[in-house]
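**Student:** For reference, the sequence and a predicted model appear below.
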Amino acid sequence: MNVEMPMVTSTSTIPLPQELSDRISVEIYELIIPFLSHSPTLMACSLVSRACLRVSWKTLFHQHTVRVNPQNLAAFLELIDLNTCSMTIISFIQRLHFRQCISVEARSLPATTGVWEEDDNSSPFLFDEYFHRFVGLTAVRTLKLSWVLKSTDALIIAALRNNFSGVTALYLDPMLSSSVKHFCNILGAFPLLSSLSLCSVNLSRELDDWTKLDLSTRETYLKCSPPPPLLSNLRELNVDSISMVFLFSWMTHHNRPLPIQSLSVECLYNQSCNVALSKFLPISSSTLQELTIREGSVSTNLDLSSCANLRALEIAGVYLHKSTGVGSVQFITNILRTVTSECLEEIRFTLTMRSSRDALASIEAFDWKGLGSIIGQRQYKDLDRIQIRTSNYKEEVEQTIFKHFMGVKTAKGSTLDRIFHVLSVE
């Protein structure tokens with residue numbers, strides 16, 4: 001028997017027969033809808049019924065960030081006012097980003113790219129006087145604040161605490177703090193905070209002489225500071241060197257066990273930063289599984305031996321040039337020598353050539369011999385992957401790996417050349 005099938009295009013759908021869909025309980029739809037990721041489909045589902053609306057909006061706003069700026073602030077406030085008497089998206093927003101505008105003079109301060117993509121000529125505008133009106137945002141768990149300034153007073157911090165008490169992940173990008181107390185007060189406004197990202201954060205001029213203070217004075221200063229929040233992720237730490245030393249010293253001083261699983265440090269500027277990080281790591285030694293050091297050149301006094309459960313380690317890229325000598329670039333291998341974790345599964349780093357001439361000779365400046373002797377040790381028995389990123393020299397790096405590691409066995413018994421993965425990046 002031939003059955004004529006309806007023609008289906010890539011964009012058409014076949015609805016269920018009405019008599020069948022009427023028999024399906026709302027609970028079934030509530031189990032299905034969270035698996036959808038197509039935004040137009042989720043928006044269509046929200047129009048089916050009030051019950052479907054709730055789970056559709058919850059799924060939709062779990063996947064997308066709502067960005068509030070001076071241009072759409074009035075419409076956002078209208079929704080907030082409407083939310084007091086009817087159901088709106090306000091109570092479903094889970095990821096929220098407030099993008100402020102500041103003076104042209106302040107734009108010369110460190111900031112991430114893209115802050116001014118909407119209107120480079122915007123007049124100064126801050127949300128300070130509106131934070132108390134941002135009510136009903138009970139589902140917000142991730143909050144990003146751009147351009148948190150010195151003007152953030154006690155009333156604003158109280159408004160943050162009252163209206164965003166459920167926030168667990170906070171992004172400050174960037175932040176100009178009037179004092180360390182000001183910075184701590186902002187963190188204290190979020191009692192459930194577990195994930196923190198600091199990008200282009202300046203903790204204030206009062207720290208300018210921090211490195212010059214004697215230990216006794218530093219100790220007195222730290223005693224007056226509140227304890228840090230119980231963070232499980234310090235996702236991005238992009239601050240100046242003095243602020244970095246202070247932050248690690250602050251968290252170390254309070255000796256409050258922090259269940260940090262993932263730590264990402266943008267740059268280790270000098271030995272002082274290395275010492276501060278090394279003293280801090282034991283606080284999270286039992287929980288830290290992933291450590292990223294995005295930039296650095298000095299490995300002295302950097303010690304990862306306390307990270308007993310480290311599983312993934314990403315280390316800053318190194319610059320190679322044949323003039324430095326064969327095997328002379330040891331920044332990465334010096335750090336790996338301090339690793340004692342027997343759980344390490346992945347190592348990632350980047351190789352950059354200073355000159356396109358004699359790329360193979362430049363690649364030999366890396367300490368390949370040292371790398372081989374390290375990863376052949378017993379504590380690296382679970383290592384399955386070494387990812388090397390390079391631009392335009394993938395083939396040359398692979399040739400060098402083949403030369404140094406072909407047939408060499410790991411502690412696990414597999415050949416070393418098989419665990420290397422070279423990626424070409426722009």
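**Tutor:** Done, it's in. Numbers count the residues shown, from 1 in each chain.

**Student:** For residue 136, which three-state class applies?
**Tutor:** Three-state assignment for residue 136 (DSSP: H, G, I helix; E, B strand; the rest coil): coil.

**Student:** so what's it up against?
**Tutor:** Residue 136 makes contact with 80, 83, 84, 90, 91, according to Cβ atoms under 8 Å, 6 or more residues apart in numbering. Where you see a C-beta, it was placed from the backbone N, CA and C, and this is true even at glycine.

**Student:** what comes up buried for stretch 184-202?
**Tutor:** Within stretch 184-202, the residues scored as buried using 16 or more other Cβ atoms under 10 Å are 184-190, 193-202.

**Student:** pLDDT (mean, whole number) over that stretch?
**Tutor:** Per-residue pLDDT over stretch 184-202 has a mean of 91.

**Student:** Same question for stretch 54-68.
**Tutor:** For stretch 54-68, the mean pLDDT works out to 81.

**Student:** just stretch 406-422 next, same as before
**Tutor:** Stretch 406-422 comes out at a mean pLDDT of 76.

**Student:** Endpoints of stretch 159-174, how far apart?
**Tutor:** With Cα to Cα, to the nearest Å as the measure, stretch 159-174 spans 20 Å from end to end.

**Student:** average model confidence for it?
**Tutor:** Looking at stretch 159-174 alone, the average pLDDT works out to 93.

**Student:** May I see the buried residues of it?
**Tutor:** By 16+ other Cβ under 10 Å, the buried positions in stretch 159-174 come out as 159-161, 163-164, 167-174.

**Student:** Equivalent analysis for stretch 132-143, please.
**Tutor:** Buried-residue list, stretch 132-143, by 16+ other Cβ under 10 Å: 134, 136, 137, 139, 140, 141, 142, 143.

**Student:** still on that earlier bit, could the contacts of residue 136 go into JSON lines alongside distance to residue 274 and pLDDT?
**Tutor:** As requested, the contacts of residue 136 are exported to JSON lines (distance: Cβ to Cβ, whole Å; pLDDT from 0 to 100):
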{"residue": "80", "distance to residue 274": "47", "pLDDT": "94"}
{"residue": "83", "distance to residue 274": "49", "pLDDT": "91"}
{"residue": "84", "distance to residue 274": "53", "pLDDT": "89"}
{"residue": "90", "distance to residue 274": "46", "pLDDT": "91"}
{"residue": "91", "distance to residue 274": "46", "pLDDT": "89"}
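
**Student:** So which of these is surrounded by the most neighbours?
**Tutor:** Within the contacts of residue 136, residue 90 tops the neighbour count with 21 neighbours, counted by other Cβ atoms under 10 Å.

**Student:** for that one, helix, strand, or coil?
**Tutor:** Per three-state DSSP, the secondary structure class of residue 90 is helix.

**Student:** any idea which of the contacts of residue 136 is closest to residue 352?
**Tutor:** Closest to residue 352 out of those is residue 90 (46.9 Å), distances taken as Cβ to Cβ.

**Student:** contacting residues for that closest one?
**Tutor:** Residues in contact with residue 90 (Cβ under 8 Å, 6+ apart) are 79, 80, 83, 136, 137.

**Student:** Could you report the separation of the closest residue to residue 202 other than its chain neighbours from residue 88?
**Tutor:** Excluding the flanking residues, the one nearest residue 202 by Cβ to Cβ, 6 or more residues apart in numbering is residue 176, at 5.2 Å. As judged by Cβ to Cβ, to the nearest Å, residue 176 and residue 88 stand 34 Å apart.

**Student:** can you give me the strands for the stretch 51-200 of the chain?
**Tutor:** Listed in chain order, the strands of the stretch 51-200 of the chain (DSSP state E, counting those that start in this stretch) span 66-68, 95-99, 142-146, 169-172, 175-176, 195-202.

**Student:** For those, give me TSV that also has distance to residue 154.
**Tutor:** Below are those laid out as TSV (distance: least, Cβ to Cβ, whole Å):
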stretch	distance to residue 154
strand 66-68	23
strand 95-99	19
strand 142-146	17
strand 169-172	18
strand 175-176	17
strand 195-202	20
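
**Student:** between those, which one is nearest to residue 341?
**Tutor:** Among those, strand 195-202 sits nearest to residue 341 (Cβ to Cβ), with 22.6 Å.

**Student:** What is that closest one packed up against?
**Tutor:** In terms of contacts (3 or more Cβ pairs under 8 Å, 6 or more residues apart in numbering; DSSP states H and E), strand 195-202 is packed against strand 169-172, strand 175-176, strand 233-239.

**Student:** Next, the angle from that strand to strand 142-146.
**Tutor:** 0 degrees (axes from the mean of the first three to the mean of the last three Cα atoms, to 10 degrees).

**Student:** partner strands of strand 195-202, parallel or antiparallel?
**Tutor:** With DSSP bridges as the test, strand 195-202 is paired with strand 169-172 (parallel), strand 175-176 (parallel), strand 233-239 (parallel).

**Student:** Residues contacting that strand from elsewhere in the structure, which ones?
**Tutor:** Residues from elsewhere that reach strand 195-202, judged by Cβ under 8 Å, 6+ apart: 109-112, 168-177, 183, 187, 229, 231-240, 243, 266.

**Student:** quick one: average confidence on the helix or strand harbouring residue 361?
**Tutor:** If you go by DSSP states H and E, residue 361 is part of helix 359-363. In this model, helix 359-363 carries a mean pLDDT of 90.

**Student:** Can you show me the helices along this protein?
**Tutor:** Applying DSSP state H to the chain gives helices spanning 18-21, 26-32, 39-45, 50-63, 73-83, 154-163, 180-188, 215-223, 241-253, 271-280, 331-336, 359-363, 368-375, 394-405.

**Student:** got the ones you listed as CSV, with distance to residue 311 columns?
**Tutor:** Shown next, in CSV, are these (distance: least, Cβ to Cβ, whole Å):
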stretch, distance to residue 311
helix 18-21, 47
helix 26-32, 33
helix 39-45, 34
helix 50-63, 27
helix 73-83, 41
helix 154-163, 35
helix 180-188, 27
helix 215-223, 31
helix 241-253, 22
helix 271-280, 18
helix 331-336, 14
helix 359-363, 28
helix 368-375, 15
helix 394-405, 22
